[in-house]
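> below are the sequence and a predicted model for it; my questions follow.
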Amino acid sequence: MALPRFIAVIDIGKTNAKVVLIDAHTRQQLAARSTPNTVRQDGPYPHADVERLWAFMLESLSALQIEHGVDGISITTHGATAALLAGDRLALPVLDYEFAGPETEAAAYGAVRPDFAETLSPRLPNGLNIGAQLFWQSQAFAAEFATVTAILTYPQYWAWRLTGLMASEVTSLGCHTDLWAPERGDFSSLVTSQAWRDLFPSIKPAASVLGPIKGAIASSTGLRAETPVTCGIHDSNASLLPHLGAHAEPFTILSTGTWAIAMTVGGDTSQLDPARDSLANVDAHGRPVPTARFMGGREFDMLAPGAVTPSDADVDAVIVGDVQALPSFMPGVGPFPGHVGCWTGNADALSPGQRTAAVSLYLALVTQACLGLCGLGQQIIIEGPLARNGLFAAALAALTGVPVLTSGDATGTSLGASMLFGGVAGTPAGTPVAPLDHAGLAAYAERWRDRLT
């Protein structure tokens with residue numbers, strides 16, 4: 001099959017959903033449409049508004065077809081999400097992983113979930129382990145769960161809606177789900193013990209064409225009936241894909257959005273700590289990738305709602321004045337899950353620039369802590385929104401002592417997801433970042449770490 005040129009990437013992030021059109025020849029973004037990824041509060045529990053997202057996708061595809069033409073569709077989504085099908089409908093709503101319902105079965109689930117040594121997946125709060133979701137749903141909604149005929153991870157759910165064809169895929173199965181044994185390359189013992197194995201469709205590569213769109217979708221959107229759809233990929237692995245084989249190993253990709261996810265390709269999994277939100281993701285080739293993460297985008301939005309570009313004077317005031325944010329403002333996740341987030345002083349007294357500077361330095365310090373768990377590569381490439389935060393990148397370069405580059409792709413997943421169709425190997429060069437030059441930064445960082453002990 002010839003490489004499609006104009007590829008529509010459906011990108012469902014935890015905060016926003018997008019449809020982005022990528023020119024595969026130039027690797028440039030031609031157009032983008034976005035909508036908030038709202039959570040519905042009706043029904044048995046908080047859940048994804050899949051019908052609103054579906055309408056958004058179809059409308060966006062139709063508009064992009066008129067404006068540019070669409071030659072192929074690729075899909076990427078956040079992890080920790082699964083759709084339970086009963087035939088051609090949902091047996092239960094698609095659960096929002098931030099809902100605390102699965103915690104009611106925490107003790108019982110803890111007795112059946114595999115050891116970290118098998119899954120390289122830590123026990124995470126609420127529904128951040130798909131295994132915990134499924135276990136809770138099977139107990140709390142036994143009658144509905146008994147009707148389930150297939151379990152689809154989230155990218156593959158949307159691929160099924162577009163094509164009518166089902167598949168499982170390793171990057172979504174391998175992102176802290178408890179469902180996958182990465183060293184063995186197979187489903188975990190949990191899937192067997194809970195008799196879920198037959199509910200998962202056969203595994204297909206992320207970079208495979210699942211099939212063409214359904215005829216009804218072609219009619220409603222104006223797309224060609226033969227428009228191909230890829231199997232789909234987990235979003236942080238989409239950010240990783242363009243870099244595989246393009247850099248000397250080990251190297252670190254920092255994929256940012258709602259989450260800041262550090263992945264060190266060629267790194268060692270031996271330093272992973274299940275109590276500190278570090279784990280192994282599974283890349284598109286099925287290989288374990290040591291990973292550590294925290295909700296960096298969510299925390300930035302919480303702590304610096306009026307964010308502006310800080311001046312040198314703002315940065316100096318924060319460092320010299322020892323103004324610090326201490327983790328963690330999203331409890332239960334990140335490298336400091338048990339520490340309660342706080343400020344060392346009165347944050348309300350800060351100017352917008354000072355507050356943005358303090359939060360940017362905070363994110364750099366937490367990222368450095370993550371790199372102590374997943375390993376520090378020979379270079380760090382920042383993808384996604386935090387690539388536009390110059391102070392964050394400069395501070396990270398100074399703190400780690402390794403080259404830091406920022407990607408020009410504002411949505412770090414889009415290019416990678418488009419490359420599921422193939423194309424030229426490698427990735428566009430990032431922009432090198434000059435390390436932050438401030439004599440007080442090292443002592444500032446040391447005081448920050450001391451306050452956490």
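Now that the structure is in, tell me what you want to look at.

> make it CA atoms for all contacts and neighbour counts henceforth
Noted.

> quick one, helices of the stretch 251-400 of the chain?
Using DSSP state H, counting those that start in this stretch, the helices of the stretch 251-400 of the chain run over 296-303, 312-320, 352-374, 390-400.

> CSV for those helices, including mean neighbour count?
Supplementary listing: the helices of the stretch 251-400 of the chain in CSV, determined by neighbours: other C-alpha atoms under 10 Å:
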stretch, mean neighbour count
helix 296-303, 18
helix 312-320, 18
helix 352-374, 25
helix 390-400, 23
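
> which of those helices sits closest to residue 89?
helix 296-303 (32.2 Å; C-alpha to C-alpha).

> CA atoms only: put that closest one into CSV for me.
This file holds the C-alpha atoms of helix 296-303, laid out as CSV (Å, rounded to 0.1, in the frame of the first residue of the first chain):
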residue,chain,number,x,y,z
GLY,A,296,2.8,17.9,35.3
GLY,A,297,0.3,19.5,33.0
ARG,A,298,-2.6,19.2,35.5
GLU,A,299,-0.4,20.7,38.3
PHE,A,300,0.8,23.5,36.1
ASP,A,301,-2.8,24.5,35.3
MET,A,302,-3.7,24.3,38.9
LEU,A,303,-0.8,26.2,40.3
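
> show me what it is packed up against.
helix 352-374 (3 or more C-alpha pairs under 8 Å, 6 or more residues apart in numbering; DSSP states H and E).

> who does the helix it packs on touch, helix- and strand-wise?
strand 260-265, strand 278-282, strand 288-294, helix 296-303, helix 312-320, strand 325-326, helix 390-400.

> helices and strands of this protein: which one bottoms out on pLDDT?
Within the chain, no helix or strand scores below helix 412-418, which has a mean of 84 by mean pLDDT, DSSP states H and E.

> show residues contacting that one.
7-9, 11, 20, 22, 24, 27, 74-76, 232-233, 235-242, 255-256, 383-385, 409 (C-alpha atoms under 8 Å, 6 or more residues apart in numbering).

> pull out the buried residues from those.
7-9, 11, 20, 22, 24, 27, 74-76, 232-233, 235-242, 255-256, 383-385, 409 (16 or more other C-alpha atoms under 10 Å).

> just checking, which of those residues belong to strands?
Applying DSSP state E to the buried ones among the contacts of helix 412-418, the entries found in strands are 7-9, 11, 20, 22, 74-76, 233, 255-256, 383.

> can you pick out the most distant pair from these?
Checking these with C-alpha to C-alpha, the most distant pair is 7 and 256, at 22.2 Å.

> so where is the stretch 301-450 of the chain shaky, pLDDT-wise?
The model of the stretch 301-450 of the chain has pLDDT under 70 over residues 408-412, 423-429.

> contacts only, for the residue nearest to residue 280 when sequence neighbours are not counted.
Nearest residue to residue 280 in three dimensions, chain neighbours excluded: residue 290, at 4.5 Å (C-alpha to C-alpha, 6 or more residues apart in numbering). Counting by C-alpha under 8 Å, 6+ apart, residue 290 touches 263-265, 267-269, 272, 278-281, 374-375.
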